[in-house]
Structures are given as structure tokens and as C-alpha cells.
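1. no sequence for this one, just the structure:
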């Protein structure tokens, strides 16, 4: 399983015909004060699925703060399946964060853990706006 897309964004959705729309990709969150509360953010992940990836996979997304402490964790699962039409198969995961509390400035990291193995790390810098 290889990561094709891993990003924080303002909004993510899928069209009826399976197209992934990712709007407002960002790598920095600005705040006037701390703790900051970010009203809504998405972590979007898209994986290429190979023959060996077919089946159910456990998933954990751990958001860690600048001191590497756990801020938030999402657990679930997803299924890897091959496209019956022979196209490149993908799995899409969308994690939605609502009123995400960010205690301090610094680099936050989302660790993506599939089947108990960290396969991706996505960073977002939180900074104080003057």
C-alpha cells in the first residue's frame, strides 16, 4: 500500500462518480491566541491498493502536539479492494476534526497507522498571528 495523497484541507468530498475533491490544502494554522480552536479541518488520505492490500485494515490517526503528546485519536478500519474494471484501485480516508483544540504554537503531526504500522506522517505548523 502506497500513499498517493496525505494532506490537511479545509474541505473534502467525493462526487457521485468517485472523484475526490480536496479544497484548501494547508500546512499552517494561524491563531491570535492559545489555546487555539480550529473550527473544522480534514485530513485526507488516498492509498494505492495492490493485490497484497486486499481485505480489511485497522486504522488509527494520532494527532500529536509539539511535545509529541497525544491531542486526538481516531480509530476505525477500511477495506482495500481491487477495481473490477482493471483501473488502479485506491482507498480514500477522510478524518474530520471539528473544534480542534490546539494548546500551543508549534509543529503538530498526524501519524497514520495501518495494521499497527506507521505508514504516513502529516505535519501542520501552528503559529501565532501578530
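-> Now that the structure is in, tell me what you want to look at. Small disclaimer: the values here were computed from a predicted structure and weren't measured.

2. can you tell me how far residue 18 is from residue 46?
-> 12 Å (Cβ to Cβ, to the nearest Å). To be clear about C-beta, it is placed using only N, CA and C from the backbone, and glycine gets the same treatment.

3. and the most centrally placed residue in the chain, what is it in contact with?
-> Central residue of the chain (Cα atoms, centre = their mean): residue 43, 2.8 Å from the mean position. With contacts defined as Cβ atoms under 8 Å, 6 or more residues apart in numbering, residue 43 is in contact with 6, 7, 8, 9, 61, 93, 94, 95, 97, 110, 122.

4. that older thread, between residue 18 and residue 46, which one's more packed in?
-> A direct count of neighbours by other Cβ atoms under 10 Å for residue 18 and residue 46 places residue 46 higher, at 17 against 9.

5. so which of the contacts of residue 43 are in strands?
-> Within the contacts of residue 43, residues falling in strands by DSSP state E are 6, 7, 8, 9, 61, 93, 94, 95, 97, 110, 122.

6. which of those residues sits closest to residue 51?
-> Nearest to residue 51 among the ones in strands among the contacts of residue 43 is residue 93, at 20.1 Å by Cβ to Cβ.

7. what ranges do the strands span in this protein?
-> Using DSSP E, strands in the chain cover 2-14, 20-26, 28-31, 36-49, 55-64, 70-80, 89-102, 106-114, 117-128.

8. any chance of those strands in JSON lines, plus mean pLDDT?
-> Shown next, in JSON lines, are those (pLDDT from 0 to 100):
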{"stretch": "strand 2-14", "mean pLDDT": "94"}
{"stretch": "strand 20-26", "mean pLDDT": "95"}
{"stretch": "strand 28-31", "mean pLDDT": "96"}
{"stretch": "strand 36-49", "mean pLDDT": "93"}
{"stretch": "strand 55-64", "mean pLDDT": "95"}
{"stretch": "strand 70-80", "mean pLDDT": "92"}
{"stretch": "strand 89-102", "mean pLDDT": "90"}
{"stretch": "strand 106-114", "mean pLDDT": "97"}
{"stretch": "strand 117-128", "mean pLDDT": "97"}
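
9. sweet, I'm off.
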